[in-house]
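> This is a predicted model, with the sequence first.
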Amino acid sequence: MRQSNIGWLFLTPATLILFVVGFIPFIYILYVGFFDWNTNAVDPTLRWAGLQNYRNLVFDTTFLNSLARTLVFAFFVVVSELLLGYVLARALMADRLWGRQFFRTIHTLPIVVAPIAVGATWRLLCVPGFGIVPYYLKLWFGIDYNISTNAYHAFGTAIIMDLWHWTPFVTLSLMAGLTALPKEPLEQAQIDGGNKLQIFWYVIVPMLKPVLLTTVFIRLMDALRSVDEIWMLTKGGPAEATRFIGLHIWINVFPKTDYGYGAAMSLLTLYVTIVLSWLLFVAMTGRKGGAQ
Amino acid sequence: MAGIQPQKPERDGFLPIRTNGFDRGFISAVILILVHLLWMRFLEGVLPLWVATVLCLALSVFIIRKG
C-alpha cells in the first residue's frame, strides 16, 4: 500500500502537467465543438449549435476530401519510410560500409531541422522558374515539373519532402531495435537452414514488433497532422491538391476564425487518428480471439 | 511486488479479438460515434438521430456484456 502511494506521489507532477496541457484543452475543444463561434461574425459570442457543426462536417466535401487525401499521404509516407528506414538501418549497421559513421551523422541531420525551414528549403528547391529541381528535370529528362500548377507533382513533392525529413528518425529507431535484438535466435534460425527472407519474416519482424509499432504510431500521428511543411511548400495548392487535414483545420480556425467548426473538425480528426492507431495496434499485436 | 497491479482479465466473446473491459467500452464508443456520423449523413432525413442513439446504447450494452 505504501509503495503504491509513493508511486502515485512520483507520478503526480507528470499527471498534473498532462491534465493541464492535455485533458483541459480536450474538454474545452469538446465544449466549443457544440457551439457556433466565429469572432468575425456579426455576433462574435458562443451560440449553442448542438450537433450542427458535426452535421455540416459530414456534408462538407472539402473536409472529407482533405481527410481522404491525408490518409493517402499518411499511408504512402509511413510505408515508404518504414521500408526505406529498414534498408538504411541495415546498411548503416553493416561492418563493410566505408564511411559509415560520417554517413550516419549526415543522414541524421534532417531530423534537427524545423519543419517550417524544411518546407521553405523545399519550396526554394522546387519553385517553378527558380528552383534547381524543375531546372534539371527539364534539362536532363524533359519533364515539365511544376508544383504550382500540377496536382500530382505537388502531392509527390510533399511525400518526398516528408520522406527526406523523417526517414532518418525511422532509421534510428529501427537501428536501436535491431542492435538490441538477441543474437541467439538469429543464429539458431541460420543453423536450422532458414534463408534470409524467412529469417527476416519469422524471426526479425516478430522480435522487432514493439519498435515497429512505436515507430509506426509516431509517424502515423505526425503524418496525419502535417501543417507547417506543407504550408511553406504549396500552401495547400494547387487548388486543394495538398490541403491536408491539419492545414484545412488551420485555415478554418485562424484566417477564418471559425472556432466551433474548427473544434468539430479537430475532434473528428482525433477520432480517425485514435481508431487507426487502435486498429493498427490490434493488427500488429495479433490479439486474435476464439481459436487462440 | 505489492505495487504491481494485476492485468485486467481478457476474454473471448463474439468479437473477433480477445478483449478486456476497457476494449469493449472503447469499441462501443467508436461504433457509437461512427453510427451517429453516418446516420447524420445518410438517414437523418428519414429517421431522427435519437433512434441511432437508442440502437447504439443497446448495442453498447450487448458488446460490454457479451463481447
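Looks like it arrived, so ask away. Residues are numbered from 1 along each chain as shown, chains lettered A, B, ... in the order given.
> hang on, residue A:164 packs against residue A:109?
No - taking contacts as CB atoms under 8 Å, residue A:164 lies outside contact range of residue A:109: 10.5 Å. Quick note: C-beta positions are derived from backbone N, CA and C, even for glycine.
> Between those two, which has more neighbouring residues?
Using other CB atoms under 10 Å in any protein chain shown, the more surrounded residue of residue A:164 and residue A:109 is residue A:164, with 14 against 9.
> Please list the residues of chain B that sit near chain A.
For chain B, the residues in contact with chain A (CB under 8 Å from any CB of the partner chain) are B:2-3, B:12-13, B:15-19, B:26, B:30, B:33, B:36-38, B:40-41, B:44, B:49.
> If burial is judged by neighbour count, which of those residues pass?
Buried members of the residues of chain B next to chain A, scored by 16 or more other CB atoms under 10 Å in any protein chain shown, are B:13, B:15, B:17, B:18, B:19, B:26, B:33, B:36, B:37, B:40, B:44.
> so what sits against both of residue A:164 and residue A:109?
Counting by CB atoms under 8 Å, 6 or more residues apart in numbering or on different chains, residue A:164 and residue A:109 have no contacts in common.
> Those residues of the stretch 1-150 of chain A touching chain B, which are they?
Near chain B, when you scan the stretch 1-150 of chain A using CB under 8 Å from any CB, you find A:1, A:3, A:4, A:7, A:51, A:54, A:55, A:57, A:58, A:59.
> Could you list which of these belong to helices?
A:3, A:4, A:7, A:54, A:55, A:57, A:58, A:59 (DSSP state H).
> list the contacts for the fourth one?
Shown here is residue A:54, whose contacts under the criterion CB under 8 Å, 6+ apart are A:33, A:264, A:268, B:36, B:37, B:40.
> contacting residues for the second one?
Contacts for residue A:264 (CB under 8 Å, 6+ apart) come out as A:33, A:53, A:54, A:56, A:57.
> where do the helices sit along chain B?
B:21-42, B:49-66.
> ok so, going back, pLDDT-wise, what's the bottom of the buried ones among the residues of chain B next to chain A?
Of all those, residue B:13 carries the smallest pLDDT score, 79.
> Drop anything exposed from the ones in helices among the residues of the stretch 1-150 of chain A next to chain B.
A:54, A:55, A:57, A:58.
> just those residues now: which is nearest residue A:138?
Distances from residue A:138 to these, taken as CB to CB, are shortest for residue A:57 (42.1 Å).
> If I follow the layout properly, that closest one ends up in contact with residue A:268?
Yes - between residue A:57 and residue A:268 a contact is recorded at 6.1 Å, counting by CB under 8 Å.
> any weak-confidence spans in chain B?
Applying pLDDT under 70 to chain B flags residues B:1-8.
> Need the residue closest to the centroid of chain B.
residue B:28 (1.0 Å; CA atoms, centre = their mean).
> Now the ones in helices among the residues of the stretch 1-150 of chain A next to chain B in CSV, please, with extra columns for distance to residue A:84 and pLDDT.
Formatted as CSV, those follow (distance: CB to CB, whole Å; pLDDT from 0 to 100):
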residue, distance to residue A:84, pLDDT
A:3, 45, 68
A:4, 45, 77
A:7, 41, 88
A:54, 38, 93
A:55, 42, 93
A:57, 35, 92
A:58, 36, 93
A:59, 39, 93
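> Report the two of those separated the most.
Spatially, the most separated pair among these is A:3 and A:59, at 54.4 Å (CB to CB).
> For residue A:16, pull up the helix or strand it's in.
Assessed by DSSP states H and E, residue A:16 sits inside helix A:2-18.
> now do residue A:119
In this structure, residue A:119 sits in helix A:115-126 according to DSSP H and E.
> any idea of the mean pLDDT for the helix or strand following that helix?
Sequence-wise, the next helix or strand downstream of helix A:115-126 (DSSP H and E) is helix A:132-136. Average pLDDT, helix A:132-136: 93.
> sorry, back to before: looking at the helices of chain B, which is nearest to residue A:151?
Of all those, helix B:21-42 sits nearest to residue A:151, with 26.4 Å by CB to CB.
> CA-only coordinates of the closest one in CSV, if you can.
Extracted in CSV, the C-alpha atoms of helix B:21-42 (Å, rounded to 0.1, in the frame of the first residue of the first chain):
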residue,chain,number,x,y,z
GLY,B,21,-13.5,-4.2,-20.2
PHE,B,22,-11.7,-1.1,-21.5
ASP,B,23,-11.5,-2.6,-25.0
ARG,B,24,-15.2,-3.3,-25.1
GLY,B,25,-16.1,0.2,-23.8
PHE,B,26,-13.7,1.7,-26.4
ILE,B,27,-15.2,-0.4,-29.2
SER,B,28,-18.7,0.7,-28.1
ALA,B,29,-17.7,4.4,-28.1
VAL,B,30,-16.1,4.1,-31.6
ILE,B,31,-19.2,2.4,-33.0
LEU,B,32,-21.5,5.0,-31.4
ILE,B,33,-19.6,7.9,-32.9
LEU,B,34,-19.4,6.2,-36.3
VAL,B,35,-23.0,5.3,-36.4
HIS,B,36,-24.1,8.8,-35.4
LEU,B,37,-21.9,10.4,-38.2
LEU,B,38,-23.2,8.0,-40.8
TRP,B,39,-26.8,8.4,-39.6
MET,B,40,-26.5,12.2,-39.9
ARG,B,41,-25.1,11.8,-43.4
PHE,B,42,-27.5,9.3,-44.9
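> which residues touch it?
With contact meaning CB under 8 Å, 6+ apart, helix B:21-42 is reached by A:51, A:54-55, A:57-59, A:268, A:271, A:275, A:278, B:8, B:10, B:13, B:15, B:17, B:19, B:47, B:49, B:51-53, B:55-57, B:59-60, B:63-64, B:67.
> Brilliant, that's me finished.
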